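In: Return a 3D structure for these sequence lines:
(one chain, ligands or ions: 2)
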Amino acid sequence: MIKAGIIGASGYAGQELMRLLVQHPECEIEAITSKTYKDKSFHQIYGNFMGITSKSCQALDMAHMAKEVDVLFIALPHGIASNQLTASILKDTKVIDLGADYRLKSQATYEKWYGVSHGSPDLLKQAVYGLCELNRDAIKQSTLIGNPGCYTTCSILTLAPLVKEKMIDVTSIIIDAKSGVSGAGRALHLGTHFTECNETIKAYKIAAHRHTPEIEQALSDDEQEVTLSFTPHLVPMNRGILVTAYAKLLKGYTYDDIKAVYEQYYHEEKFVRLLPQGIFPETKWVKGSNYCDINFEIDERTGRIILLGAIDNLIKGAAGQAVQNMNILFGLEEDTGINMIPAFPI
Ligand SMILES: NC(=O)C1=CN([C@@H]2O[C@H](COP(=O)(O)OP(=O)(O)OC[C@H]3O[C@@H](n4cnc5c(N)ncnc54)[C@H](OP(=O)(O)O)[C@@H]3O)[C@@H](O)[C@H]2O)C=CC1
Ligand SMILES: CC(=O)N[C@@H](CCC(=O)OP(=O)(O)O)C(=O)O
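Out: Ligands and ions are numbered 1, 2, ... in the order given. Predicted coordinates:
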């Protein structure tokens with residue numbers, strides 16, 4: 001059995017990791033941390049765990065935890081992990097960071113967009129970006145995974161085949177993305193109070209959201225540099241990300257031309273579902289699952305393609321993808337423990 005630890009188990013991403021790992025057939029949870037809920041049983045924080053686990057939260061430090069486990073999941077706000085993780089800890093355990101500290105390759109880009117200094121820039125070289133479908137081979141060899149963000153996972157999977165096959169103008173991409181409120185975490189913020197975010201939809205961090213460079217980095221390569229516009233919106237629902245992306249096609253491709261490319265990229269991917277023509281992704285069809293649903297339509301009048309992608313932000317956008325990364329790291333079937341059918345919200 002793989003011994004796992006979760007740092008930041010009391011947050012929304014940590015809670016979802018607990019739910020997945022408690023049920024994982026090849027994994028046992030060794031230790032979980034929270035400062036606020038130190039010595040409290042996990043079911044005292046989240047009542048859905050009543051009778052399921054007797055684990056209590058501890059206030060252990062990262063170096064101590066690393067000696068006890070085979071894999072350490074970090075689910076803390078950005079800027080904390082990079083000040084605690086060291087090369088010596090990575091000799092004791094594999095690390096999957098659900099935060100943003102090891103996603104960007106460039107220290108300067110991280111510091112510019114996150115507004116904090118990076119505490120362990122030397123480790124950036126060895127970190128692998130954990131977008132499983134696109135980076136599987138590198139993930140297998142790694143001990144430090146930067147698990148992608150929720151908007152980024154959905155945006156990159158939705159756009160990657162078209163960008164990599166050079167079918168669109170990579171300076172023309174616009175991503176309009178919507179997120180449920182759990183994307184902002186459990187910590188209290190004025191903007192996520194019920195009365196502030198219910199019955200309204202708002203865009204935020206316009207031309208300034210930190211997922212912009214992460215999407216650009218993943219879509220760019222030596223031959224083309226992607227620069228795009230990304231606008232996130234907060235919508236009054238608990239879970240889910242819907243991405244609508246627009247780009248100028250470089251030629252008069254047909255629906256079938258593009259479908260063939262997406263099938264080539266994703267036909268063996270368990271967690272990417274290319275929907276039938278005319279059926280478009282909705283958050284309710286992926287809720288509670290590790291799926292990313294994708295489809296597109298060509299707007300012949302403008303020569304633009306309009307693509308849609310949907311995920312559950314806490315699963316494929318966080319904990320589910322983190323477990324998928326663990327499965328890859330330990331040579332398990334990639335869907336072990338995350339093979340859930342979406343829960344239609346009725
Ligand atoms: N929510 C989502 O949809 C997604 C989140 N993520 C990322 O995952 C990480 C966790 O997010 P999320 O679970 O939503 O956030 P929450 O606010 O729900 O949880 C944050 C966790 O971090 C702990 N924590 C907060 N501040 C500190 C601190 N100063 N020192 C130590 N521990 C601290 C809290 O523990 P304590 O009990 O001690 O207060 C809590 O367990 C973030 O980096 C986030 O960006 C990534 C993708 C999607
Ligand atoms: C709705 C909402 O607030 N969402 C968060 C993104 C959550 C996420 O994936 O953020 P990280 O990159 O930090 O992991 C935000 O826009 O900041």
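In: The lengthiest helix in the chain - contacts with which helices or strands?
Out: What stands out as the longest helix in the chain, according to DSSP state H, is helix 150-164. The helices and strands touching helix 150-164, judged by 3 or more CB pairs under 8 Å, 6 or more residues apart in numbering; DSSP states H and E, are helix 132-140, strand 174-179, helix 211-219, strand 229-234, strand 241-248, helix 255-266, strand 292-299, strand 304-311. Glycine gets a C-beta too; all of them are placed from N, C-alpha and C.
In: quick check: angle from the fifth one to strand 304-311?
Out: Inter-element angle recorded for strand 241-248 and strand 304-311: 160 degrees (by axes from the mean of the first three to the mean of the last three CA atoms, to 10 degrees).
In: What strands flank strand 241-248, and is each parallel or antiparallel?
Out: When pairs are called by DSSP bridges, strand 241-248 turns out to pair with strand 174-179 (antiparallel), strand 304-311 (antiparallel).
In: Please export the C-alpha coordinates of it as CSV.
Out: Taking C-alpha atoms only, strand 241-248 is exported to CSV below (Å, rounded to 0.1, in the frame of the first residue of the first chain):
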residue,chain,number,x,y,z
ILE,A,241,-15.5,25.2,-14.5
LEU,A,242,-16.8,26.0,-18.0
VAL,A,243,-14.3,27.3,-20.5
THR,A,244,-15.4,29.0,-23.8
ALA,A,245,-12.4,29.6,-26.0
TYR,A,246,-12.3,31.5,-29.3
ALA,A,247,-9.5,31.5,-31.9
LYS,A,248,-8.9,32.3,-35.6
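In: what about the strands in this protein?
Out: Taking DSSP state E, the strands of the chain run over residues 2-7, 27-33, 57-58, 71-74, 94-97, 128-129, 144-146, 174-179, 202-203, 229-234, 241-248, 272-274, 292-299, 304-311.
In: could those strands be laid out in a markdown table, adding mean neighbour count and distance to residue 336?
Out: Formatted as a markdown table, the strands of the chain follow (neighbours: other CB atoms under 10 Å; distance: least, CB to CB, whole Å):
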| stretch | mean neighbour count | distance to residue 336 |
| --- | --- | --- |
| strand 2-7 | 24 | 10 |
| strand 27-33 | 21 | 9 |
| strand 57-58 | 21 | 26 |
| strand 71-74 | 27 | 13 |
| strand 94-97 | 25 | 15 |
| strand 128-129 | 20 | 20 |
| strand 144-146 | 26 | 17 |
| strand 174-179 | 21 | 28 |
| strand 202-203 | 12 | 38 |
| strand 229-234 | 18 | 32 |
| strand 241-248 | 22 | 24 |
| strand 272-274 | 19 | 18 |
| strand 292-299 | 21 | 18 |
| strand 304-311 | 24 | 19 |
